[in-house]
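[1] Quick one, what's the 3D model for this:
(chains A and B)
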There are 2 protein chains.
Amino acid sequence: MTIILYDLAGAEADRRFSPFCWRTRMALAHKGLAVETVPWRFTEKDKLPQPNQGRVPVIRDGDRVVHDSTSIADYLEERYPDRPSLFGGAAGRAPTRFVQNWTETVVNTGLVGFVVLDIHRHCAPEDQAYFRRSREERFGATLEDVVRDREARLPAFRASLDPLRRTVERQDFVSGSAPAYADYVVFGAFQWARAISDFDPLAADDPVRAWRGRMLDLFGGLARRAPAYGD
Amino acid sequence: MTIILYDLAGAEADRRFSPFCWRTRMALAHKGLAVETVPWRFTEKDKLPQPNQGRVPVIRDGDRVVHDSTSIADYLEERYPDRPSLFGGAAGRAPTRFVQNWTETVVNTGLVGFVVLDIHRHCAPEDQAYFRRSREERFGATLEDVVRDREARLPAFRASLDPLRRTVERQDFVSGSAPAYADYVVFGAFQWARAISDFDPLAADDPVRAWRGRMLDLFGGLARRAPAYGD
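    All right, here's what the predicted structure looks like:
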């Protein structure tokens, strides 16, 4: 049965730009599961299965509804044990959580300061006021002020990627010779940024860029075919 | 048969302060292998099995000699497959490399700027000139200058531990409910610092400190019993 994924979309329905939804999208492809995505906007709480927290990803798999990318990954792993594993068992799951915590505190945090105004620009008109208000409250600054010095912050951001850089210089994927959930978590952040912004956070010769290219090639170019900027 | 570990020591033979040797020490304990450590100083190349790069850890296991903490971990895993696994298989080994790369680029790099002068102070007299010359060359500054503003750097260092903090807030160990090699790698860095310096990089209520305490308790308090500062 086809799984339904509620997936954050911009003004253009096929521009998908949630780092968390991209984790789920890649995880579903890894499991080889058929998926139908439903474009969803920030202010469409009523469109999600009830009850909900007004956040995506949410999946509906038959009569099961699962919220939150981490819970969805755990659900898919348990529900479809005969499909390729996302973690390789408990021994892979625990350090994958470390990679996820690194991604959320270093990569997502760094990237949002580059692209938050571009997200606003791509939001559906009915989402823009909500997005601006909630993010300006979080940052304590206007979106314009948040991104103003982004060029100056680029070297420090690139340096903060050293753990990832050193890893993918020495092995093709964070998860080793083949990709798994740790890769999808990190990739989700980069795919979010490139889906929404032409501000390029990676130098041309960065090994992280080469890894991102390998990720874009996966599953018949699933992420490469999606509307985005650059390569 | 007892494994010999050549282990970096200070002027006091039982003060062991290599982050890389601590990884190996903990890995040997994890495998439940008998070990005899040989205190080794920076300038004692002749004391190591030949040929050598003048670096520890080195182990001798019967007639096998293995250099480098990563190679030693791989060797122990392969040679003693019936003992508790350091990685839980390939699925754990790959993301453990990410944890290692994070430790080396963030934790070791941060801590050395706090403790490098204290290392010098604890070095055997015959090592001090070598240590000062090689480290001052690396830093392009005197050891005194490297540590001068360490208090000012402490908040940024503590913030850089967020990925570890968030992980050990939610699970007892980096490797999940029980420790494994990823924990020993990160712990090696903290044990190195506390072996050599009374400069405390962790706040009293930091979850990272609580995790460090759990690590100190392992294997009958192996690391807690070693000469060191603080708890």
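
[2] Report pLDDT for the most centrally placed residue in chain A.
    Nearest to the geometric centre of chain A sits residue A:19, at 1.9 Å (CA atoms, centre = their mean). For residue A:19, the model assigns a pLDDT of 98.

[3] Just to check, it is in contact with residue A:194?
    No. With contact defined as CB atoms under 8 Å, residue A:19 does not count as touching residue A:194 (11.0 Å). In this view, the C-beta of every residue, glycine as well, is placed from N, C-alpha and C.

[4] how about the helix or strand hosting residue A:194, does it get close to chain B?
    Assigned by DSSP states H and E, residue A:194 falls within helix A:181-196. Yes. Applying CB under 8 Å from any CB of the partner chain, one finds helix A:181-196 touching chain B at residue A:182.

[5] List the buried residues of the helix or strand just after that helix.
    Using DSSP H and E, the helix or strand that directly follows helix A:181-196 along the chain is helix A:207-225. By neighbour count, with 16 or more other CB atoms under 10 Å in any protein chain shown as the criterion, the buried positions of helix A:207-225 are A:207-209, A:211-212, A:215-216, A:218-219, A:222-224.

[6] and residue A:86, that's in a helix?
    No. Residue A:86: not assigned to a helix; according to DSSP: H, G, I helix; E, B strand; the rest coil it is coil.

[7] show me what contacts the closest residue to residue A:172 other than its chain neighbours?
    Nearest residue to residue A:172 in three dimensions, chain neighbours excluded: residue A:214, at 6.3 Å (CB to CB, 6 or more residues apart in numbering or on different chains). Counting by CB atoms under 8 Å, 6 or more residues apart in numbering or on different chains, residue A:214 makes contact with A:172-173, A:179.

[8] Try it again at 10 Å.
    Going by CB atoms under 10 Å, 6 or more residues apart in numbering or on different chains, residue A:214 touches A:168, A:172-173, A:179, A:183, A:187.

[9] about what we covered before: ramachandran angles for the residue nearest to the centre of chain A?
    Phi and psi for residue A:19, reported as degrees, to the nearest 10, are phi -60, psi -30.

[10] how much space between it and chain B?
    To chain B, residue A:19 is 16 Å away according to CB to the nearest CB, to the nearest Å.

[11] you'd agree that residue is up against residue A:223?
    No. Contact between residue A:19 and residue A:223 fails when scored by CB atoms under 10 Å: they sit 11.9 Å apart.

[12] Need the overlap of contacts for the two.
    Shared contacts of residue A:19 and residue A:223, defined by CB under 10 Å, 6+ apart, comprise A:187-188, A:190-191, A:195.

[13] Dump those into JSON lines; add distance to residue B:105 as well.
    Conversion of those to JSON lines gives the following (distance: CB to CB, whole Å):
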{"residue": "A:187", "distance to residue B:105": "20"}
{"residue": "A:188", "distance to residue B:105": "22"}
{"residue": "A:190", "distance to residue B:105": "19"}
{"residue": "A:191", "distance to residue B:105": "24"}
{"residue": "A:195", "distance to residue B:105": "28"}
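
[14] Closest one of these to chain B?
    residue A:187 (13.7 Å; CB to the nearest CB).

[15] Retrieve the pLDDT associated with the closest residue to that closest one other than its chain neighbours.
    With CB to CB, 6+ apart as the criterion, residue A:187 has its nearest non-adjacent residue at 4.5 Å, and that residue is residue A:215. On pLDDT, residue A:215 comes in at 98.

[16] I'd assumed residue A:26 was in contact with residue A:215.
    Yes. Counting by CB under 10 Å, residue A:215 touches residue A:26, with 7.9 Å between them.
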